[in-house]
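Participant: with the input below, show me the fold.
(chains A, B, C and D)
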There are 2 protein chains.
Amino acid sequence: MVAARTGLSRDVLRVWERRYGAVEPIRTSGGQRRYSDAHVERFRLLAAAIGHGRTIGTVAQLGTEELVRLVAEDEAQRSPQRPGGTPSVAGVLDTAMAAIVALDAPALDAQLRRAIALEGVPWFLEMLVPALMHLVGDRWVAGRLSIAHEHLASAAVIAIIRETVRAVPPLPAAPRVVAATPSGEHHAMGAALAAAAASLQGWSIVYLGADVPHADIEAAATATHARAVMLSITYVEDRARIISEIRALRGTMNDAVPLLVGGAGAAGLVAAVGGHQITLCESLAQLRSELAHAGSPR
Amino acid sequence: MVAARTGLSRDVLRVWERRYGAVEPIRTSGGQRRYSDAHVERFRLLAAAIGHGRTIGTVAQLGTEELVRLVAEDEAQRSPQRPGGTPSVAGVLDTAMAAIVALDAPALDAQLRRAIALEGVPWFLEMLVPALMHLVGDRWVAGRLSIAHEHLASAAVIAIIRETVRAVPPLPAAPRVVAATPSGEHHAMGAALAAAAASLQGWSIVYLGADVPHADIEAAATATHARAVMLSITYVEDRARIISEIRALRGTMNDAVPLLVGGAGAAGLVAAVGGHQITLCESLAQLRSELAHAGSPR
DNA sequence: CCGCATTTGTCAAGCCTTTGTCCATGTTAA
DNA sequence: TTAACATGGACAAAGGCTTGACAAATGCGG
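Facilitator: Okay, the predicted model is just below:
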């Protein structure tokens, strides 16, 4: 009795066959239908598709594989809330801050790893890390956290980001991108974030870290045939120096390679530097879009 | 019923077509509209554009590509809710299947790692893995994939899941849970999935793998003071044997420790085994809820 | 701020299509 | 023989189609 196994009535089974050719059951010598497991599976899929708002007329003729995909898609969209509980920035922030305050590096590491596993890297990069570092910065300004706390948090975040990048293998024939912070800028976080975002887009990353002289950045870009260079500027101590570093880098680098500059301190700088092939990226989203441009004309 | 898939009312769909020519659906011989995926996508874009403050009159006639750009721009300006674009099961499925068909293990591994990083582990466990294994199973039944393809896929998925579990450190003072497959059941995937789900809930995992005699499961549970035991039954070859294994395990194990049984083949078995402290878990969501119960009264 | 026109979402009425169910009659399996 | 199945036809409920109207929201000139 296939009806019981699919939740459909016998009549429906037969009328789907007669009217839409949805299945072709094997017949006994006497002419009776014998449904195989594949048939039953197909009926289940059809029933599921209808449950998701499709009509039998539109799905009956589809191949079984197409059906699988269709149903998977519908299911993915039906549950816009992610599986598995609370995707709350606030909750993670609280526990992470507690670990930072206690200077408990292993606990912080555990919390962040858990969060990244639950929510995915993009969420981590674009929602959690900015919120967390912002919070830490605020408390530091207010004198409620020492610079040690800030360094502990940065170190943990950067370590996790770097590790994540290494765990995501680049796509075959991936273009390379150099990520660094120019000489005079010691905050590596922005470069690590940019590297991770690029990595998720399929780029192969050449990560140089913080405080890199322009000549070395240029050398790395040339040696690796990089298709783009990303610079992160967080806090500008010596404005003139950074500007001259960027100018020098742009001047010596291959003109075809775009220079993408981002970070909290980048806004004013890029305008001051001027010149072609220098793009200000005000968000990771924009960085992604610029990378998509730079990477596509292979 | 496209309404449900786009969040727009039927009337709106039709009036946009009538008044602005926003789409041109294909008609059945009977004159009814049949919207393609492209149409649905377009409606989604239009809805998104309106959500960002545009009016239908200004966007209805735009080409789909322009719409994409427009919506992307609008979204970039607004603080992005969930960064990173569309979480599409279908896209990953396609590329992953291509790798499986080609028996290209490194490529499959890369694709899956990328997906898990982008979307998070819960999505991977509950949306992608079921859809992928389902698809593989279908093609195998249809004779278009060999058992080697199926093993390649399982091995890659299990390896990634196991690795992920190890990368998520358990919470301090986390209760332990044993994950295994009873003697006679060689498919480890279900146990790995369950282990990963438990791990994300903060449990400390004792993973024994597949085909474990009941005495050994009991010994592991006792030695580690496990707070719960999870069994996965995928495909039952020797029904009587599995039943006796589960009975024996339940009989020798500490009565206070719940036995959680899940997997495609578990449905009938649990009823047949009977007894207290044996719970059938029909989904990972239910498993999570049972675990939350078992873990809370610490 | 007010009156007026335009835009846009919703609703209604009458007719048509799709789809699940039922029936009458004959056939097969145990 | 009896229960289950097959076939083709019939039918009614659900839902779709079109045209037209209406009202809330928005924009504009005064």
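Participant: helix or strand right after the host helix or strand of A:I217?
Facilitator: Assigned by DSSP states H and E, A:I217 belongs to helix A:214-223. Under the assignment DSSP H and E, the closest C-terminal helix or strand after helix A:214-223 is strand A:228-232.
Participant: on that earlier part again, what angle separates the helix holding A:I217 from strand A:228-232?
Facilitator: Computed with axes from the mean of the first three to the mean of the last three Cα atoms, to 10 degrees, the direction of helix A:214-223 lies at 150 degrees from that of strand A:228-232.
Participant: quick check: buried residues in helix A:214-223?
Facilitator: Judged by neighbour count using 16 or more other Cβ atoms under 10 Å in any protein chain shown, the buried positions of helix A:214-223 are A:H214, A:I217, A:E218, A:A220, A:A221. From N, CA and C alone the C-beta is placed, and that goes for glycine too.
Participant: wait, the first one sits on A:S183?
Facilitator: Spelled out, that is A:H214. Yes. Taking contact to mean Cβ atoms under 8 Å, the distance of 6.7 Å between A:H214 and A:S183 places them in contact.
Participant: identify the contacts common to these two.
Facilitator: Shared contacts of A:H214 and A:S183 (Cβ atoms under 8 Å, 6 or more residues apart in numbering or on different chains): A:E245.
Participant: for DNA strand D, what's the nearest residue on chain A?
Facilitator: Here chain A gets closest to DNA strand D at one residue, A:R33, 3.5 Å apart by Cβ to the nearest atom of the strand.
Participant: from what I can see that residue touches A:R27, true?
Facilitator: Yes. The pair A:R33 and A:R27 qualifies as a contact (Cβ under 8 Å) at a distance of 6.4 Å.
Participant: who has more neighbours, those two?
Facilitator: A:R33 (16 against 10; other Cβ atoms under 10 Å in any protein chain shown).
Participant: what's the distance between the more buried one and A:P25?
Facilitator: From A:R33 over to A:P25 the distance is 4 Å, taken as Cβ to Cβ, to the nearest Å.
Participant: can you check A:S204 too?
Facilitator: Applying Cβ to Cβ, one obtains 52 Å for the distance of A:S204 from A:P25.
Participant: neighbour count winner among the two?
Facilitator: Under the criterion of other Cβ under 10 Å, the comparison of A:S204 against A:P25 puts A:S204 first, with 18 against 15.
Participant: quick one, what contacts the more buried one?
Facilitator: A:S204 makes contacts with A:P170, A:A174, A:P175, A:R176, A:V177, as judged by Cβ under 8 Å, 6+ apart.
Participant: so what's it bridging to?
Facilitator: Beta-bridge pairing of A:S204, defined through DSSP bridges, involves A:R176.
Participant: measure it to A:T224 for me?
Facilitator: On the measure of Cβ to Cβ, A:S204 and A:T224 end up 8 Å apart.
Participant: mutual contacts of these two, please.
Facilitator: Contact with both A:S204 and A:T224 is made by residues A:R176, according to Cβ under 8 Å, 6+ apart.
Participant: before we move on, the earlier item: any idea how far B:G143 is from the residue of chain A closest to DNA strand D?
Facilitator: Using Cβ to Cβ, A:R33 is found at 22 Å from B:G143.
Participant: point me to the residue of the stretch 1-150 of chain A nearest DNA strand C.
Facilitator: Using Cβ to the nearest atom of the strand, the point where the stretch 1-150 of chain A gets nearest to DNA strand C is A:G30, with a distance of 2.4 Å.
Participant: what pLDDT does that residue get?
Facilitator: Reported pLDDT at A:G30 in the predicted model: 80.
Participant: could you dump the biggest helix by length in chain A to PDB, C-alpha only?
Facilitator: When chain A is scanned for its longest helix (criterion: DSSP state H), the result is helix A:147-167. Coordinates of the C-alpha atoms in helix A:147-167 are reproduced here as PDB (Å, rounded to 0.1, in the frame of the first residue of the first chain):
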ATOM      1  CA  ILE A 147      45.300  48.300  26.700                       C
ATOM      2  CA  ALA A 148      46.100  44.700  27.700                       C
ATOM      3  CA  HIS A 149      42.400  43.800  27.400                       C
ATOM      4  CA  GLU A 150      42.300  45.400  24.000                       C
ATOM      5  CA  HIS A 151      45.400  43.500  22.800                       C
ATOM      6  CA  LEU A 152      44.000  40.200  24.100                       C
ATOM      7  CA  ALA A 153      40.800  40.700  22.200                       C
ATOM      8  CA  SER A 154      42.600  41.700  19.000                       C
ATOM      9  CA  ALA A 155      45.000  38.800  19.200                       C
ATOM     10  CA  ALA A 156      42.300  36.300  19.700                       C
ATOM     11  CA  VAL A 157      40.200  37.600  16.900                       C
ATOM     12  CA  ILE A 158      43.100  37.900  14.500                       C
ATOM     13  CA  ALA A 159      44.300  34.400  15.300                       C
ATOM     14  CA  ILE A 160      40.800  32.900  14.600                       C
ATOM     15  CA  ILE A 161      40.400  34.900  11.400                       C
ATOM     16  CA  ARG A 162      43.800  33.800  10.100                       C
ATOM     17  CA  GLU A 163      43.100  30.200  11.000                       C
ATOM     18  CA  THR A 164      39.800  30.400   9.200                       C
ATOM     19  CA  VAL A 165      41.400  31.700   6.100                       C
ATOM     20  CA  ARG A 166      43.800  28.900   6.100                       C
ATOM     21  CA  ALA A 167      41.000  26.400   6.500                       C
END
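Participant: buried stuff in that helix?
Facilitator: A:149-150, A:152-154, A:156-158, A:160-162, A:164-165, A:167.
Participant: now swap in stretch A:106-116 and tell me
Facilitator: Counting neighbours by 16+ other Cβ under 10 Å, one finds that the buried residues in stretch A:106-116 are A:A107, A:L108, A:D109, A:A110, A:Q111, A:L112, A:R113, A:R114, A:A115, A:I116.
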